[in-house]
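K.L.:
What follows is a predicted protein model with its sequence.
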Amino acid sequence: MVTLDPAGAGSQPPSQRPLFRIPHRLRAIVRADEIWLVVLAGFVGVIAGCFVAIMVAIVQWLHHVLFAIKGHEVSGAAFIDPWRAACVPAIGGIILGLIGWLSARRSRVSIIDPVEANALHGGRIPMAGSLLLVLQTMVSNGFGASIGMEAGYTQISSAFASRLGQLLHVRRSDLRTLVGCGAAGAIAAAFDAPLTGAFYAFELIIATYSIATLAPVVVASIAAVGTMRLLFPQQSFQVGFAGTLTASDYSLVFVMAILSALVAIVMMRTVTLVELIFNKSGLPAWMRPAIGGLCVGALALITPAVLSSGHSALHVGFGAYYTAPVLVMLIGLKVLASAISIGSGFRGGLFFASLFLGAMLGKLVALGWMLVFGLKIPGLVVGIVGMCAMATAVLGAPLTMAFLALETTGSLPLTIAVLAAAVVSSITVRRLFGYSFATWRFHLRGESIRSAADIGWIRELTVGKMMRRDVRTVSDVMTLDRLRSDFPLGATQRVTVVDDEGRYVGIVLIPEIHRELPEETTAKDLARFADTALLPDMNVREAMKAFSTAEADALAVIDSKADRRVIGLLAEQHVLRRYNEELDRRQNEGSHR
């Protein structure tokens, strides 16, 4: 008899067991009442605010020391010593390559971001991989690579929330919600915008909005913003706009949205192209960030705005007057610097970079529109529309960017224009490209993830778990008389045929053997679906696709394509029933709160 461990630790390998266990009574309280989930989310928000404050302070200190600047971030500096601009990113690449080389020599560390965790793993995020990603992101940004810190913010905050939820043994749906709370708190603290953080979680991390998730996510966002303001008071990005937009202004809004989508697609394609060039170069992986850092440093000799995330450059750019050639140069250099940084192996995201690019593109379009048609609204407004449209094209989160505009400007008319631009931008990207930046990266890895919607249970529901193992087989040389004798009508629906080595040949439908046939007919002659069989590790969706393609009611399950040994049989009706049962269970679990 096997004794089960009530805490569940006995089913985990020693390396994955928690260092301590939370008492069962406390775990039961958290699972029983949704109020405690909200309290837990508030705590996650506080910790997320602390993480963001610490990371921002460390990165700004690195910028001050390494680039000898006095501002908050290096991208907004008016001047940097040329040798620092050229050399510091390369030094950061060397350090990053060394970190990657050391981590590769040890046991492989799994890095799972919040989107992937919620889509495939029920909200489970390994802490070791998250800490490694945070270190890599801080080195990348701190030494001037042209990428943002948002990936590090959301990773560590969501990983903490995931670990806390696992210690409390919360339900799968609640664990996914806590992961969203961590990401919401991180983004809210980074932008000083609680609604932006909340809808970032709804659109990208949880992939749905519901009453059950509203309270914990919003509480986490508010707690994170409050914590950030206490620990790291800084000037938030605020732009006043009290005017309105007329119907004629929306033609400019739609043009801005389409152009932003096109530039975003070019940037994402450029990232892939740079990665391909590095992969084909033959350079070892640990050396690529150093080469990428040299390239970014060369671009920084033209303008410091290409360095780091571009957060300070965005502040400076909104208040500065740039000519059209300068704006074109800034956009082109930032796209190239960001693509080189990510493509060469630096760690980070494109959220902040897309905001800067969209703002500069907006100012450029405003200049052109003013010369051709005349401009009735401030160019700054067009910059905000471009900023949000570009970020929507990269992230795929229109409501998030609409709320960022609302919290930044306090203008409802401008927010409506931003939402319209975000919708047009996202539709354009979906039609022409098909992915946001995050899902595009998953696509390149071979993952069919289009959002953070929970599809992990689909992968867990495999053919091996659903199949019947009591399968009767017959030899492919069995005669027709013997088949009719052994399998009268009504005895069974089908029988599996194998050759003399036990390899799968096909399936014989019993009604077919009782119709008029030549006496010399054998089982092999009647075998169907010879080229179609299931493998035990196929998931339920792959199985249903196989049934549809073969137009079969049942298919044999073989151990491998090479051996083709029959190990089971699976009926389409049983697959559909199991899929619907599991889907109902997940939906009921999600609506339990």
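P.N.:
Structure received.

K.L.:
Show me the strands in this protein, by range?
P.N.:
Secondary structure of the chain (DSSP state E): strands at 473-475, 494-498, 504-509, 554-558, 566-571.

K.L.:
out of these, nearest to Ala145?
P.N.:
strand 554-558 (48.5 Å; CB to CB). Every residue, glycine included, has its C-beta placed from N, CA and C.

K.L.:
The residue in the chain sticking out farthest from the centre and Ala305: what is the separation?
P.N.:
Taking CA atoms, centre = their mean, the residue of the chain most remote from its mean C-alpha position is Glu519, at 60.7 Å. Applying CB to CB, to the nearest Å, the value for Glu519 to Ala305 is 86 Å.

K.L.:
Next: Arg288.
P.N.:
In this view, Arg288 and Ala305 are 24 Å apart by CB to CB.

K.L.:
who's more crowded, these two?
P.N.:
A direct count of neighbours by other CB atoms under 10 Å for Arg288 and Ala305 places Ala305 higher, at 26 against 23.

K.L.:
That one: what's it in contact with?
P.N.:
By CB atoms under 8 Å, 6 or more residues apart in numbering, the contact set of Ala305 is 75-76, 313, 316-317, 330, 333-334, 356.

K.L.:
Quick check: closest non-adjacent residue to it.
P.N.:
By the measure of CB to CB, 6 or more residues apart in numbering, the closest residue to Ala305 outside its immediate chain neighbours is Ala313, 4.1 Å from it.

K.L.:
same question, Asp113
P.N.:
Using CB to CB, 6+ apart, the closest residue to Asp113 is Gln155 (6.2 Å).

K.L.:
Can you pull the poorly scored residue ranges out of the stretch 201-350 of the chain?
P.N.:
Residues of the stretch 201-350 of the chain that meet the criterion pLDDT under 70 lie in 234-243.

K.L.:
if I look at the nearest residue to Gly148 once chain neighbours are set aside, how far off is Phe437?
P.N.:
Closest residue to Gly148 apart from its sequence neighbours, by CB to CB, 6+ apart: Phe352 at 3.4 Å. Distance, Phe352 to Phe437, using CB to CB: 13 Å.

K.L.:
what's the spacing between the residue nearest to Ala305 and Leu461?
P.N.:
48 Å.

K.L.:
thinking Ala193 is in contact with Met401, fair?
P.N.:
No - the pair Ala193 / Met401 is not scored as a contact, 10.7 Å apart, by CB atoms under 8 Å.

K.L.:
that older thread, out of the contacts of Ala305, the closest to Ile513 would be?
P.N.:
Ile513 lies nearest to Lys334 out of these, by CB to CB, at 70.8 Å.

K.L.:
In this structure that closest one contacts Gly358, no?
P.N.:
No - in this structure Lys334 lies outside contact range of Gly358 using CB under 8 Å: 10.6 Å.

K.L.:
Compare those two and say which is more crowded by neighbours.
P.N.:
Neighbours were tallied for Lys334 and for Gly358 using other CB under 10 Å; the higher tally belongs to Gly358 (32 against 25).

K.L.:
show me what contacts that one?
P.N.:
By CB under 8 Å, 6+ apart, the residues touching Gly358 are 260, 383, 386-391.

K.L.:
same check, this time on Leu570
P.N.:
Applying CB under 8 Å, 6+ apart, we find Leu570 in contact with 463, 466-468, 534, 543, 554-555, 557.

K.L.:
and the nearest residue to it once chain neighbours are set aside, how many neighbours does it have?
P.N.:
In space, and not counting its chain neighbours, Leu570 is closest to Met467: 4.4 Å by CB to CB, 6+ apart. Neighbourhood size, Met467 [other CB under 10 Å]: 21.

K.L.:
Same question for the one 4 residues further on.
P.N.:
Burial measure for Val471: 17 neighbouring residues, criterion other CB under 10 Å.

K.L.:
on that earlier part again, adding distance to Thr408, write the contacts of Ala305 out as a markdown table.
P.N.:
Shown next, in a markdown table, are these (distance: CB to CB, whole Å):
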| residue | distance to Thr408 |
| --- | --- |
| Ser75 | 19 |
| Gly76 | 17 |
| Ala313 | 17 |
| Val316 | 16 |
| Gly317 | 15 |
| Leu330 | 21 |
| Leu333 | 25 |
| Lys334 | 20 |
| Phe356 | 14 |
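
K.L.:
Can you tell me which of those is closest to Ala188?
P.N.:
Of all these, Ala188 sits closest to Phe356, with 20.1 Å by CB to CB.

K.L.:
how about the spatially closest residue to that closest one that is not a sequence neighbour, phi and psi?
P.N.:
Spatial nearest neighbour of Phe356, excluding adjacent residues (CB to CB, 6+ apart): Gly310 at 3.5 Å. With angles defined as degrees, to the nearest 10, Gly310 sits at phi 90, psi 10.

K.L.:
how near is Gly310 to Met360?
P.N.:
Gly310 is 9 Å from Met360, by CB to CB.

K.L.:
shared neighbours of those two, anything?
P.N.:
Counting by CB under 8 Å, 6+ apart, the contacts common to Gly310 and Met360 are Lys334.

K.L.:
re the thing from before, doesn't His315 make contact with the residue nearest to Gly148?
P.N.:
No - Phe352 sits out of contact with His315 when judged by CB under 8 Å, with a separation of 11.6 Å.

K.L.:
out of those two, which sits in the more crowded spot?
P.N.:
Set side by side, Phe352 and His315 show more neighbours around Phe352, with 27 against 19, by other CB under 10 Å.

K.L.:
ok, the more buried one - contacts?
P.N.:
147-150, 309-311, 314.

K.L.:
all helices for the stretch 251-400 of the chain, in order.
P.N.:
Taking DSSP state H, counting those that start in this stretch to define them, one finds helices in the stretch 251-400 of the chain at 288-300, 311-319, 324-343, 351-372, 379-395, 398-409.

K.L.:
Pick the most deeply packed of the ones you listed.
P.N.:
Among those, judged by mean count of other CB atoms under 10 Å, the one packed with the most neighbours on average is helix 379-395 (a mean of 29).

K.L.:
centre of the chain versus it, how much separation?
P.N.:
21 Å (CA atoms, centre = their mean, to the nearest Å).

K.L.:
now stretch 535-545
P.N.:
24 Å.

K.L.:
average pLDDT for it?
P.N.:
Computed over stretch 535-545, the mean pLDDT rounds to 84.
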